[in-house]
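*Asks:* my questions concern the predicted model and sequence given below.
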Amino acid sequence: MIIKKFYGRTVEEAIKNVKENLGEDASLLLVQKVKKKGLLGFFGATEIEVTAAKDISFEVQERVTTSYKGDTGIDPPALSKIKRLLTEEEVDNDIISTVISSYIEATGGNQIKLKELDTNILISIIKGLIKTDRNQNYTGKTRAIFIGPPGVGKTTTILKLASYYSAEENKNVAIISTDIYRSGAIEQLKIYGKILNIPVETVFNVREFEKVIHKFKSMDIVFIDSAGRSKRDKEYVELLRKFIYTIPIQGLKIYLVISATDNFTYIKEIYENYKILYPNSLIISKLDEAVTLGNLVNLPVYTNLPIGYITDGQNIPGNIELAKSEKLAELIVKRNVISE
Ligand SMILES: Nc1nc2c(ncn2[C@@H]2O[C@H](COP(=O)(O)OP(=O)(O)O)[C@@H](O)[C@H]2O)c(=O)[nH]1
Ligand SMILES: [Mg+2]
């Protein structure tokens, strides 16, 4: 049995390719519109992708000789189910087509598995897309800055981590707030700092930042908070760049915090704004408030960054976990399969 993908500007063109390569008796498994690979894809150009197979026996199959009647009614039930499930979770369409193709490949076109969804296969495919950060054991000296739009939970996340590492792991923890706009965001930090017995310093410019970094040089962990003014704040990103890249801080970890509740189109815009700071890990916050979970997949795939932590509530300490691919993939698949 052979399973292959063919492309064309139109369905007819793609099917013609199938016929030429696999012959008239090939079967169509899936027809979908996908973003064109390569540079043009960035400008929204699409093409038709046909997944076809030779020598399989499957009753929902459609021979290339019969004409294609639109993409309903042709997909085998398991594939329709995947499409429905992931669409409901607002997983990005391009990612859904990747998942479906991987599912077909993983099952080798096995007719039972195309009829009835094998959730274990689906979970393992999604797990493969949710890259997580394994480089977070915080042994040795750790310096980490948290960046992202206002209100996503940067300060809360820092306080959760600071209290955990100070109380549970007995580390010397300090917090620096780069309150560039003198927004008063520091108050919450100061209060918690007192409660948790963690030193908190505010800095207003790069020189002060350098001094405080030096002052805290013996600390095991220094968390650096930041506060922008608006969601599309380019000036803030520029200023942050100066903070991050003027003085070399060895092994500085840059966490981009994104709320799971925001829609993916908006998140892409945020990422485009922040990527010049070269974040190396993601924190996905507010999972408890997210109606759909698609961002757990969309984000690591789109940004090519691993997820470090996920947060799921307002409690300090608490409501934060190291991201685990398997667990997150199961969360997405199982809640849908069970609720059916
Ligand atoms: N439901 C929920 N709320 C959160 C979570 N993390 C933070 N928040 C809340 O979101 C609001 C903004 O948080 P804050 O840390 O000030 O965001 P920042 O502007 O990025 O520093 C506060 O009301 C937090 O309690 C979370 O994981 N789940
Ligand atoms: Mg804040």
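*Replies:* Sure, I can see it. Ligands and ions are numbered 1, 2, ... in the order given.
*Asks:* closest residue of the chain to ligand 2?
*Replies:* For the chain, the residue closest to ligand 2 is residue 155, as judged by C-beta to the ion, at 3.3 Å. Backbone N, C-alpha and C define where each C-beta goes, glycine included.
*Asks:* close to ligand 1: what parts of the stretch 51-200 of the chain are there?
*Replies:* Contact residues, the stretch 51-200 of the chain versus ligand 1 (C-beta under 6 Å from any ligand atom): 150, 151, 152, 153, 154, 155, 156.
*Asks:* return the closest of those residues with respect to residue 311.
*Replies:* Of all these, residue 311 sits closest to residue 153, with 6.0 Å by C-beta to C-beta.
*Asks:* give the contact list for the closest one.
*Replies:* For residue 153, the contact set (C-beta atoms under 8 Å, 6 or more residues apart in numbering) comprises 257, 259, 283, 285, 286, 311.
*Asks:* 7 Å - rerun?
*Replies:* Counting by C-beta atoms under 7 Å, 6 or more residues apart in numbering, residue 153 touches 257, 259, 285, 286, 311.
*Asks:* dump these into TSV; add secondary structure, neighbour count and pLDDT as well.
*Replies:* Formatted as TSV, the contacts of residue 153 follow (DSSP: H, G, I helix; E, B strand; the rest coil; neighbours: other C-beta atoms under 10 Å; pLDDT from 0 to 100):
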residue	secondary structure	neighbour count	pLDDT
257	strand	27	97
259	strand	22	97
285	strand	28	97
286	coil	22	97
311	strand	25	97
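*Asks:* want to throw those into CSV with distance to ligand 2?
*Replies:* Formatted as CSV, the contacts of residue 153 follow (distance: C-beta to the ion, whole Å):
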residue, distance to ligand 2
257, 10
259, 13
285, 12
286, 14
311, 14
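*Asks:* looking at those residues, which is nearest residue 336?
*Replies:* The closest of the contacts of residue 153 to residue 336 turns out to be residue 286 (C-beta to C-beta; 20.2 Å).
*Asks:* any idea how far ligand 1 is from the closest one?
*Replies:* Residue 286 sits 4 Å away from ligand 1, going by C-beta to the nearest ligand atom, to the nearest Å.
*Asks:* quick one: pLDDT of residue 179?
*Replies:* Per-residue pLDDT puts residue 179 at 69.
*Asks:* swap in residue 83?
*Replies:* Model confidence at residue 83, given as pLDDT, is 91.
*Asks:* the strand or helix carrying it: what's the following helix or strand?
*Replies:* Secondary structure from DSSP states H and E places residue 83 in helix 77-88. Counting by DSSP H and E, the element after helix 77-88 in chain order, helix or strand, is helix 93-107.
*Asks:* now for that following helix, which elements pack on it?
*Replies:* strand 2-8, strand 27-35, strand 46-54, helix 77-88, helix 119-129, helix 295-303 (3 or more C-beta pairs under 7 Å, 6 or more residues apart in numbering; DSSP states H and E).
*Asks:* is ligand 1 within reach of stretch 268-277?
*Replies:* No: Stretch 268-277 does not reach ligand 1 (C-beta under 6 Å from any ligand atom); its nearest approach is 12.1 Å.
*Asks:* picking that back up, out of the residues of the stretch 51-200 of the chain next to ligand 1, which comes closest to residue 98?
*Replies:* Closest approach to residue 98 among those (C-beta to C-beta): residue 152, at 27.1 Å.
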